[in-house]
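*Asks:* Build me a model from this:
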Amino acid sequence: TALDGEDMTIHVVIGESNTRLDGFTITRGMAYPWDLPFGAGGGMFIETRSNITIANCVFDSNFASEFGGGLYASSVSNVTIDNCSFINNRAEAFEEPDFWDEPSGGGMNISGSSVTITNCDFSSNRAIGMWSGSNPPFSFGGALSAGGVTVSGSTFSFNEAFSAALLGNKQIKPGEDSGI
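*Replies:* Numbers count the residues shown, from 1 in each chain. Okay, here's the model as predicted:
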């Protein structure tokens, strides 16, 4: 089943506690800086929630002007993301000087406790910053910007960020610690 934001929908999916999202394609969601709470999670937005499972989903061609083009999750706990694909998602600075100009997590931006990502594919995601005067653009995690997260059995390819391409192009084998 496809959930298509048609390049107009803010946060195609908003996550709630004690839920399971299984077998969906989430595509063409948007999040701009004027979208409350802010330009994060074009495909899916989760904040201060727990006991969430996301399985067998595809996050494709979503956009956020700040954090997590495909998926943004902050202050979460007991979250499992399994067998999902994050493809062609972007966190890209918006051309407005008053907004954040150092985006992170083209595919996913996530932080919390007891967060596990297994058997996922991150491909062709981008986090692109904006030039500020003579200062070069800065961005984090073309594929994934994460804290307090364990990643295993996942593949990272063709992801890009201007500065710190955290997990930009790396394969993490089953049982291998990601070091995040």
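*Asks:* Could you tell me how far the nearest residue to His11 once chain neighbours are set aside is located from Arg126?
*Replies:* Spatial nearest neighbour of His11, excluding adjacent residues (Cβ to Cβ, 6 or more residues apart in numbering): Phe45 at 4.1 Å. No exception for glycine: its C-beta is placed from N, CA and C like everyone else's. Distance of Phe45 to Arg126, given as Cβ to Cβ, to the nearest Å: 19 Å.
*Asks:* before we move on, the earlier item: Provide the strand pairings for the strand or helix carrying the residue nearest to His11, with the direction of each partner.
*Replies:* Phe45 is part of strand 44-47, with elements assigned from DSSP states H and E. Strand pairing for strand 44-47, using DSSP bridges, gives strand 13-14 (parallel), strand 71-82 (parallel).
*Asks:* tell me which element Glu16 is part of?
*Replies:* Here Glu16 is assigned to no helix or strand, by DSSP H and E.
*Asks:* and it, what does it touch?
*Replies:* Listed by Cβ atoms under 8 Å, 6 or more residues apart in numbering, the contact partners of Glu16 are 49, 52.
*Asks:* let's see 6 Å
*Replies:* Contact analysis of Glu16 by Cβ atoms under 6 Å, 6 or more residues apart in numbering lists nothing.
*Asks:* Please report how far it lies from Asn51.
*Replies:* 10 Å.
*Asks:* same question, Ser111
*Replies:* Counting by Cβ to Cβ, the gap from Ser111 to Asn51 is 17 Å.
*Asks:* Give the partner strands of the helix or strand that the strand holding Phe45 is followed by in its sheet and their orientations.
*Replies:* Scanning forward in sequence from strand 44-47 by DSSP H and E, the next helix or strand is strand 50-55. The strands that strand 50-55 pairs with in its sheet are strand 19-22 (parallel), strand 71-82 (parallel) (by DSSP bridges).
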